[in-house]
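Asker: I would like the atomic coordinates for the input below:
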Amino acid sequence: MGIKSRIITLVSVVPFIVFSYHFLDREIAGFSYDFLRGKRMLSAYTSNIPDLLLPLAFAITGLSWAAYCRFRRKDISSPYTRFFHLLGWTVPLSFLLKTGLKYVFGMINAREWLVNKGEFGFHWLHGGANYSGFPSGHMAVFSVLVIALVRYFPRYRFAGLFFLLLLAAALVITGYHFLSDVVAGALLGLIIDDRVFQVLEGRNNVEA
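Answerer: Predicted coordinates:
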C-alpha cells in the first residue's frame, strides 16, 4: 500500500472502530446472545469450542518456513517462495502483537460482559483472563493469512474475502468478540502484512 492508501484506511477504519465501541458492540452482542439462547444446541456447542489459535499459529508458521526453504532452493522469485516467506513472519508477528495489545487495552471479553451485562470497556495495562478481547487474535492471524494468499494468488480473492467475512460474523454472533474487536484484529493484520511485505520485497529485490 502507498502512503495515501494507508492514510485512507486508517481514517476510515479507526473511526468505525470507535463508533462500534460506543454504539454497536453491546447491542449486537446482546442481540446475538438472545438469539443463540433460543437455539440451545448451537449455544451449548459454541460455548465449548476450545481456543486452538496458538497451536494453529505454530503449525502454520512451521509449515510456512519448511515450504519456504523448499521452494527457495528452486526459485527465489516464485510466488510460492514469497508467499510462504511472508507467512513465516506475519503469522507469528500477528500472534505476538495481538497478545501484547490485549494486555495494553484490557478490553473485557464479550462473553464475560454477556454474563453480567454491567462492566464494559477498557482496563488499560490490566489485560489477561477476562480482559483480553481487543483486538481479536483470530482475525489478526487469519487476516495476514488471507491477505498473503490474495496478494500472490489474486484468483482466490473472493474466496478469501468470503472466508474472512464468515469468520468475523461467526466470532461476533457466537459472542467470542465484540464487533470492534474483530475490525481491529483485521486492521492489525493488514498493517502487519503491509509492513513485513515492504521489508521482504526490498530484500528479495536486492538478492534477485
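Asker: residue boundaries of the helices in this structure?
Answerer: For the chain, the helices defined by DSSP state H occupy 3-19, 25-37, 40-47, 53-74, 79-105, 110-116, 137-152, 157-173, 179-207.
Asker: same for the last one, what does it pack against?
Answerer: Spelled out, it's helix 179-207. For helix 179-207, the elements it packs on are helix 3-19, helix 25-37, helix 79-105, helix 137-152, helix 157-173, judged by 3 or more C-beta pairs under 8 Å, 6 or more residues apart in numbering; DSSP states H and E. For the C-beta atoms, the positions are set from N, CA and C on the backbone; glycine is no exception.
Asker: Any idea which of those has the lowest pLDDT on average?
Answerer: Among the helices and strands packed on helix 179-207, helix 25-37 carries the lowest mean pLDDT, a mean of 86.
Asker: elements contacting that helix?
Answerer: Using 3+ C-beta pairs under 8 Å, 6+ apart, helix 25-37 sits against helix 40-47, helix 110-116, helix 157-173, helix 179-207.
Asker: Among those helices, which comes closest to residue 25?
Answerer: helix 179-207 (5.4 Å; C-beta to C-beta).
Asker: Give me the mean pLDDT for the closest one.
Answerer: The model assigns helix 179-207 a mean pLDDT of 89.
Asker: Also stretch 53-65?
Answerer: Mean pLDDT, stretch 53-65: 96.
Asker: Alpha carbons only: can I get it in PDB?
Answerer: Written as PDB, here are the backbone C-alpha positions of stretch 53-65 (Å, rounded to 0.1, in the frame of the first residue of the first chain):
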ATOM      1  CA  LEU A  53      -5.200 -20.300  17.800                       C
ATOM      2  CA  LEU A  54      -1.800 -20.800  19.500                       C
ATOM      3  CA  PRO A  55      -1.200 -24.400  18.100                       C
ATOM      4  CA  LEU A  56      -2.600 -23.300  14.800                       C
ATOM      5  CA  ALA A  57      -0.300 -20.400  14.600                       C
ATOM      6  CA  PHE A  58       2.700 -22.600  15.500                       C
ATOM      7  CA  ALA A  59       1.700 -25.100  12.800                       C
ATOM      8  CA  ILE A  60       1.200 -22.500  10.100                       C
ATOM      9  CA  THR A  61       4.500 -20.900  10.900                       C
ATOM     10  CA  GLY A  62       6.400 -24.100  10.900                       C
ATOM     11  CA  LEU A  63       4.900 -25.300   7.700                       C
ATOM     12  CA  SER A  64       5.500 -21.900   6.100                       C
ATOM     13  CA  TRP A  65       9.200 -21.900   6.900                       C
END
